[in-house]
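J.: sequence plus the predicted model coming up.
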Amino acid sequence: MASTFPAPFRCPKAMPPIMPLVLRHAQDAAWLYAQMLADRAAPLVDFDRLRHFQRLLAAHLDGLIAAGEAGRDMALEQVKKWKGAGEIFVWSFLELQATDPAATPDLLFQLRETSPAPGQAEALAWAWVWIPEMVAGPAIEACLKDAHPWPLEAALGALGLKRQAFTLPSDLWEHEAAGLRAALCRYVGRLRMGEHISRLYAATADDQAAVRREAAVALLLCGQPGAALRALFPAVRECAEEVEGGEDGGEVLEAERRAQHLARLLGHALPFPCPGEVLDHLSQTLPEYLFLLTLAHHGDPAVIPRLWPHLGQGRPYAARALRVLTLMTGLNPEETGICLPDDAETPEPFGLPGRDMDAGLPVPDCRKAEQWWESHKAEYPEGPLIGGDSLKDPEASLRHLETGPQDQRFAASLHLLRLGENLPWLDTRAPIAVQKACFRAIRRGLEGEGSASDTRKETLSVVG
């Protein structure tokens with residue numbers, strides 16, 4: 001009797017890839033990478049949502065790998081067409097896996113010469129983070145021995161993200177390539193290498209703005225908020241001026257992203273409590289949207305009354321001002337009834353659709369928000385606060401770091417650094433496995449177990 005089951009399907013050995021599907025993989029992977037970086041401190045993305053984004057990104061990268069040479073060609077075509085950081089990340093990810101490690105420095109040098117773009121170095125570094133360690137390690141080692149500064153810069157970026165220790169040659173700090181000097185500062189900050197603080201102090205006087213910015217951030221991560229404050233404030237102002245005077249769309253958006261990131265860090269560098277005259281000066285010299293970010297990440301509930309002028313109906317950044325209040329107190333604006341109706345008319349903050357980082361946040365009723373705070377302020381402890389909890393409480397800090405929205409997690413990761421020099425800094429954009437290892441290392445550090453080198457080793461053990 002003949003079988004009632006159909007014959008099993010056998011895939012042809014040389015089935016050609018479906019190019020529209022390959023294009024979709026390349027485009028979606030580039031978009032997801034951009035989202036991952038933009039969501040560093042997003043108020044509407046939590047840890048689970050980030051995990052979902054990263055799974056989607058991994059799936060699209062797998063699809064491109066399965067397409068073989070056609071996947072790499074499509075990724076390169078997208079780089080030439082758009083020259084965006086996301087496209088560079090995707091193409092670099094594919095090429096770095098397919099290239100002989102010994103030839104990697106030449107590959108990176110060619111990319112630098114043929115397709116310079118904002119965010120290129122960061123995209124290359126992240127590509128190495130997503131590549132298995134057995135593949136990435138030899139390629140990074142080859143770049144560290146290369147004479148060109150660009151491959152070395154990219155390798156240092158990857159080592160910083162992977163938290164891998166590397167002995168820094170002293171002559172690199174005086175290297176003529178500003179990008180390499182900036183990469184050194186960034187690497188020292190990510191690993192919290194306090195032995196290089198004197199170098200960071202000197203770098204805040206560098207003749208290149210990018211180096212000064214990275215030195216300021218590294219000083220903050222290394223537990224030097226006073227020195228960081230002196231360098232961060234002019235850095236925020238410089239980026240804000242680039243935004244105001246810029247003409248090219250890509251460069252303006254990149255400057256705006258830097259300005260918002262540095263404004264958040266500025267909040268962590270402010271003394272606590274912050275003198276009123278300092279806050280007055282910041283409110284007068286920083287654009288409104290940056291000043292509000294600084295207040296949010298400073299976290300002192302004593303500054304909440306300063307929000308009322310920004311919360312008024314018709315104010316362009318009212319939604320962001322309300323987010324400052326909710327970030328500190330943990331209140332739910334919809335449940336407490338302090339929001340305007342969904343159909344209320346509100347001005348467009350940036351004048352261009354897609355540039356409002358607060359799109360989707362509720363818009364407050366200023367009078368009701370002020371009344372709510374007057375009724376509840378006695379319930380809150382001294383700051384810094386996140387979600388209504390004092391970040392002087394390590395358990396509360398860890399809870400927000402592990403479960404909160406990205407802006408809460410970003411703030412908690414920096415507040416925790418004040419509790420011990422052996423605690424690692426957690427990058428809220430890192431692969432989920434790396435972040436989970438950081439959670440464990442931070443908890444061990446808070447419990448008095450392990451040194452700074454131990455926490456670096458623990459996070460390294462899961463990379464790749």
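T.: That came in fine, so what should we check first?
J.: could you find the closest non-adjacent residue to Pro138?
T.: Pro101 (3.8 Å; Cβ to Cβ, 6 or more residues apart in numbering). In short, each C-beta sits where N, CA and C put it, glycine included.
J.: count the neighbours of Ile65 for me.
T.: When neighbours are counted by other Cβ atoms under 10 Å, Ile65 registers 15.
J.: that's a helix at it, yeah?
T.: Yes - applying DSSP: H, G, I helix; E, B strand; the rest coil, one finds Ile65 inside a helix.
J.: correct me, but it touches Leu96?
T.: No - in this structure, Ile65 is not within contact of Leu96 by Cβ atoms under 8 Å, at 11.9 Å.
J.: circling back: would you agree the residue nearest to Pro138 is in contact with Ala142?
T.: Yes - when contacts are counted by Cβ under 8 Å, Pro101 is listed as touching Ala142 (5.2 Å).
J.: for Gly337, give me its contacts.
T.: Lys368 (Cβ atoms under 8 Å, 6 or more residues apart in numbering).
J.: let's see that with 6 Å instead.
T.: Listed by Cβ atoms under 6 Å, 6 or more residues apart in numbering, Gly337 has no contact partners.
J.: so how far is Leu416 from it?
T.: 34 Å (Cβ to Cβ, to the nearest Å).
J.: dihedrals phi and psi, Asn422?
T.: Main-chain torsions, Asn422, degrees, to the nearest 10: phi -90, psi 0.
J.: check what pLDDT it gets.
T.: Turning to Asn422, the model gives it a pLDDT of 87.
J.: quick check, Ile386 in contact with Phe410.
T.: No - Ile386 lies out of contact with Phe410 (Cβ atoms under 6 Å); the separation is 10.0 Å.
J.: low pLDDT regions in the stretch 1-150 of the chain?
T.: 1-14, 114-118 (pLDDT under 70).
J.: the stretch 151-300 of the chain too?
T.: 248-249.
J.: burial of the closest residue to Ser283 other than its chain neighbours, as a residue count?
T.: The shortest distance from Ser283 to any non-neighbouring residue, by Cβ to Cβ, 6+ apart, is to Phe291 (5.3 Å). Other residues near Phe291 number 25, with proximity taken as other Cβ under 10 Å.
J.: secondary structure class for Phe291?
T.: With three-state DSSP as the criterion, Phe291 reads helix.
J.: ok, so what distance separates it from Arg264?
T.: Separation of Phe291 from Arg264 (Cβ to Cβ): 12 Å.
J.: do Lys80 as well
T.: 34 Å.
J.: out of those two, which sits in the busier spot?
T.: Taking other Cβ under 10 Å, Lys80 and Arg264 do not tie; Arg264 has more neighbours (22 against 11).
J.: what's the helix or strand in which that one is found packed up against?
T.: Per DSSP states H and E, Arg264 falls inside helix 249-269. When contacts are defined as 3 or more Cβ pairs under 6 Å, 6 or more residues apart in numbering; DSSP states H and E, helix 249-269 packs onto helix 225-245, helix 288-298.
J.: rerun at 7 Å
T.: In terms of contacts (3 or more Cβ pairs under 7 Å, 6 or more residues apart in numbering; DSSP states H and E), helix 249-269 is packed against helix 209-221, helix 225-245, helix 288-298.
J.: so which of these is nearest Leu184?
T.: Proximity to Leu184, assessed across those by Cβ to Cβ, is greatest for helix 209-221 (8.2 Å).
J.: so how far is that closest one from its chain's centroid?
T.: Here helix 209-221 is found 15 Å from its chain centre; the criterion is Cα atoms, centre = their mean, to the nearest Å.
J.: what sits against Cys339?
T.: Contacts for Cys339 (Cβ atoms under 7 Å, 6 or more residues apart in numbering) come out as 333, 362-365.
J.: got the phi and psi for the nearest residue to it once chain neighbours are set aside?
T.: Nearest residue to Cys339, sequence neighbours excluded (Cβ to Cβ, 6+ apart): Pro362, at 4.3 Å. Backbone dihedrals for Pro362, given as degrees, to the nearest 10, come out at phi -70, psi 150.
J.: surely Pro362 touches Asn332?
T.: No - in terms of Cβ atoms under 7 Å, Pro362 does not count as a neighbour of Asn332; the distance is 9.5 Å.
J.: so which of the two has more stuff around it?
T.: Higher neighbour count among Pro362 and Asn332: Pro362, with 18 against 12, using other Cβ under 10 Å.
J.: state the distance from that one to Ala321.
T.: Relative to Ala321, Pro362 is positioned 11 Å away (Cβ to Cβ).
J.: dump the helices and strands packed on helix 249-269 to CSV, plus distance to Asp393.
T.: Formatted as CSV, the helices and strands packed on helix 249-269 follow (distance: least, Cβ to Cβ, whole Å):
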stretch, distance to Asp393
helix 209-221, 22
helix 225-245, 20
helix 288-298, 18
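J.: strands of the protein, residue ranges please.
T.: 385-386, 389-390 (DSSP state E).
J.: avg pLDDT for the first one?
T.: I take that to be strand 385-386. Regarding strand 385-386, the rounded mean pLDDT is 92.
J.: what packs against it?
T.: Packing contacts for strand 385-386, counted by 3+ Cβ pairs under 7 Å, 6+ apart, involve helix 318-329, helix 406-415.
J.: helices - which of the contacts of Cys339 land there?
T.: Pro333 (DSSP state H).
J.: Tyr201 and Cys222, how far apart?
T.: Separation of Tyr201 from Cys222 (Cβ to Cβ): 10 Å.
J.: more neighbours, the two?
T.: Using other Cβ under 10 Å, the more surrounded residue of Tyr201 and Cys222 is Cys222, with 23 against 14.
J.: list the residues that contact that one.
T.: 189, 192, 194, 197, 200.
J.: restricting to C-alpha, output the helix holding Arg264 in PDB.
T.: Provided in PDB are the C-alpha atoms of helix 249-269 (Å, rounded to 0.1, in the frame of the first residue of the first chain):
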ATOM      1  CA  GLY A 249      20.700  66.800   9.400                       C
ATOM      2  CA  GLY A 250      23.000  63.900  10.400                       C
ATOM      3  CA  GLU A 251      25.500  66.000  12.200                       C
ATOM      4  CA  VAL A 252      22.900  68.000  14.000                       C
ATOM      5  CA  LEU A 253      21.100  64.800  15.200                       C
ATOM      6  CA  GLU A 254      24.500  63.400  16.400                       C
ATOM      7  CA  ALA A 255      25.300  66.600  18.200                       C
ATOM      8  CA  GLU A 256      21.900  66.600  19.800                       C
ATOM      9  CA  ARG A 257      22.300  63.000  21.000                       C
ATOM     10  CA  ARG A 258      25.700  64.000  22.500                       C
ATOM     11  CA  ALA A 259      24.200  67.100  24.200                       C
ATOM     12  CA  GLN A 260      21.400  65.100  25.800                       C
ATOM     13  CA  HIS A 261      23.800  62.400  27.000                       C
ATOM     14  CA  LEU A 262      26.200  64.900  28.500                       C
ATOM     15  CA  ALA A 263      23.400  66.800  30.200                       C
ATOM     16  CA  ARG A 264      22.400  63.700  32.000                       C
ATOM     17  CA  LEU A 265      25.900  63.100  33.100                       C
ATOM     18  CA  LEU A 266      26.100  66.700  34.200                       C
ATOM     19  CA  GLY A 267      23.300  66.100  36.600                       C
ATOM     20  CA  HIS A 268      25.300  63.300  38.300                       C
ATOM     21  CA  ALA A 269      28.400  65.500  38.500                       C
END
